[in-house]
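K.L.:
3D model of this:
(2 chains)
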Amino acid sequence: MNYLYAAYTATWVIHIAYLTTLVRRYSRLRREIAELKKD
Amino acid sequence: MKKVFPLLALLTAGLLSYALYEALVVAPTEQTMGDVQRIFYYHVPSAWTAFLFFFINFVASVQFLVRPNEKMDRVAGFVAIAIGVACCIADFAIRELPSGMHHGSIATTGLAATGLYFAIRKLFSEQGVDILALVTAEVGVVFCTVVLVTGPLWARPVWGIWWTWDIRLTSTLVLWLIYVSYILLRRFSTSGQTPVLAAALAVFGALDVPLVYFSIWFFRTQHPQPVIGGGGSIDPRMLRVLMINWLAFLCFGFLVCWSRYRLERVQRDVEETQALEALLEPRSAVR
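P.N.:
Predicted coordinates for the structure are as follows:
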């Protein structure tokens, strides 16, 4: 059972880690757009 | 589009939760392996989803390479049609297929590949196919990573080892390394030729996908033989849960691709604007 839970947890950790990088890229982009609008 | 995305995200989250419930609670327990066999419902759909995204990456890369040349573009279109027709003929002509392969599957695969080629051609611009290739490679690598992590976690209690250098496992690792190098190339190369080089790498990298997929059909490996199709048997209840999980991961994968595609488009627009601004105001750029 431990291996089963480890596999399912690992799957979601990998997906959430990738989604986190996307969210960070989105917020960086939003900052860049705001700076462009200011200029 | 802004309203559709949250709705689709909510539906996908619901489907993923339902698929998890089906995998952990509803699916019958396998007799020899016990509960650990339930890793199957995450491992196999992740592998199929990764293969699909790598195939889309291959088609998008081919189109990125041939589109600037009208003649090459036309030839590639004919080749795509020829592949579809050849697969249909092969399906009728080959009487004895390898065990595990059904009549109709070759024709369906060929026609789906041809259909996908022309769908991408119609829906995406020249810059669009480049972004599509990048996005599908990234999401494909994420799913392939899941396969490479869940595989050993399943192998340890069943085979007694984490890893073995047999053809299925090794070719999957090579596939992952090829696409990681593709992403690294796109991320760190500053040359103007980067998209072309990456597309060429992707075209050759995609050759590993059929090797991974068919390795268990044509070679004797430690990895189990196919359980779907004529080569093996799977309980219909297990097959149902597997398909629900695959559908859930497909929806999730396409949603992530969509989001990443939008991000890349806006990113490129911003970079273009920044470059224009730097050109118009050279003093501020120096500062």
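K.L.:
just the residues of chain A that are near chain B, which are they?
P.N.:
A:1, A:3-4, A:6-8, A:10-11, A:14-15, A:18-19, A:22, A:25-26, A:29, A:32-33, A:36, A:39 (C-beta under 8 Å from any C-beta of the partner chain). C-betas here are computed from N, CA, C, even on glycine.
K.L.:
Residues touching whatever helix or strand B:A112 lives in, excluding its own?
P.N.:
Applying DSSP states H and E as the criterion places B:A112 in helix B:105-123. Residues outside helix B:105-123 that contact it (C-beta atoms under 8 Å, 6 or more residues apart in numbering or on different chains) are B:55-56, B:59-60, B:62-63, B:77, B:80-81, B:83-88, B:90-92, B:94, B:97, B:129, B:132, B:229.
K.L.:
With stretch B:263-282 instead?
P.N.:
A:22, A:25-26, A:29, A:32-33, A:36, A:39, B:127, B:131, B:134-135, B:284-285.
K.L.:
Now find how far off-centre that stretch is within its chain.
P.N.:
Distance, stretch centre to chain centre, for stretch B:263-282: 31 Å (C-alpha atoms, centre = their mean, to the nearest Å).
K.L.:
avg pLDDT for it?
P.N.:
Stretch B:263-282 carries an average pLDDT of 86.
K.L.:
For chain B, which segments count as strands?
P.N.:
Counting by DSSP state E, chain B has no strands to list.
K.L.:
near chain A, which residues of it show up?
P.N.:
Near chain A, when you scan chain B using C-beta under 8 Å from any C-beta, you find B:20, B:24, B:35-36, B:38-39, B:42-43, B:46, B:138-139, B:142, B:145-146, B:149-150, B:153-154, B:156-157, B:252, B:256, B:259-260, B:263, B:266-267, B:270, B:273-274, B:277.
K.L.:
Which PyMOL command selects the buried ones in the residues you listed?
P.N.:
Burial among these is assessed by 16 or more other C-beta atoms under 10 Å in any protein chain shown; the matching PyMOL selection reads:
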select buried, chain B and resi 20+36+38+39+42+43+46+138+139+142+145+146+149+150+153+154+157+252+256+259+260+263+267+270
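K.L.:
what are the ranges of the helices in chain A?
P.N.:
Under the criterion DSSP state H, chain A contains helices at A:2-38.
K.L.:
quick one: contacts for the residue of chain A found nearest chain B?
P.N.:
Nearest residue of chain A to chain B, counting by C-beta to the nearest C-beta: A:A7, 4.3 Å away. Each residue near A:A7 by C-beta under 8 Å, 6+ apart is listed here: B:I39, B:Y42, B:H43, B:V149, B:T150, B:L153, B:W154.
K.L.:
List the ones among the residues you listed that fall in helices.
P.N.:
Per DSSP H, the contacts of A:A7 map to helices at B:Y42, B:H43, B:V149, B:T150, B:L153, B:W154.
K.L.:
May I see those residues organised as TSV, with distance to B:V203 added?
P.N.:
Converted to TSV, the ones in helices among the contacts of A:A7 look like this (distance: C-beta to C-beta, whole Å):
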residue	distance to B:V203
B:Y42	30
B:H43	28
B:V149	27
B:T150	28
B:L153	33
B:W154	32
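K.L.:
and the residues you listed as JSON lines, adding pLDDT?
P.N.:
Below are the ones in helices among the contacts of A:A7 laid out as JSON lines (pLDDT from 0 to 100):
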{"residue": "B:Y42", "pLDDT": "95"}
{"residue": "B:H43", "pLDDT": "94"}
{"residue": "B:V149", "pLDDT": "96"}
{"residue": "B:T150", "pLDDT": "95"}
{"residue": "B:L153", "pLDDT": "94"}
{"residue": "B:W154", "pLDDT": "91"}
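K.L.:
Let me know the closest of these to B:G205.
P.N.:
B:V149 (20.7 Å; C-beta to C-beta).
K.L.:
Touching, the closest one and A:I14? I think so.
P.N.:
Yes: if you go by C-beta atoms under 8 Å, B:V149 and A:I14 touch, sitting 6.7 Å apart.
K.L.:
Not counting residues beside it along the chain, what's closest to A:Y26?
P.N.:
Closest residue in space to A:Y26, ignoring its immediate chain neighbours: B:L263 at 6.1 Å, by C-beta to C-beta, 6 or more residues apart in numbering or on different chains.
K.L.:
Taking the contacts of stretch B:263-282, please make a ChimeraX selection of just the buried ones.
P.N.:
This is the ChimeraX syntax for the buried subset of these, where burial follows 16+ other C-beta under 10 Å:
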select /A:26,29,32 /B:131,134,135
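K.L.:
need the contacts of stretch B:263-282 in a markdown table with distance to B:V174, can you?
P.N.:
Shown next, in a markdown table, are these (distance: C-beta to C-beta, whole Å):
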| residue | distance to B:V174 |
| --- | --- |
| A:L22 | 27 |
| A:R25 | 28 |
| A:Y26 | 32 |
| A:L29 | 34 |
| A:E32 | 37 |
| A:I33 | 40 |
| A:L36 | 42 |
| A:D39 | 47 |
| B:Q127 | 30 |
| B:I131 | 26 |
| B:L134 | 21 |
| B:V135 | 22 |
| B:S284 | 47 |
| B:A285 | 43 |
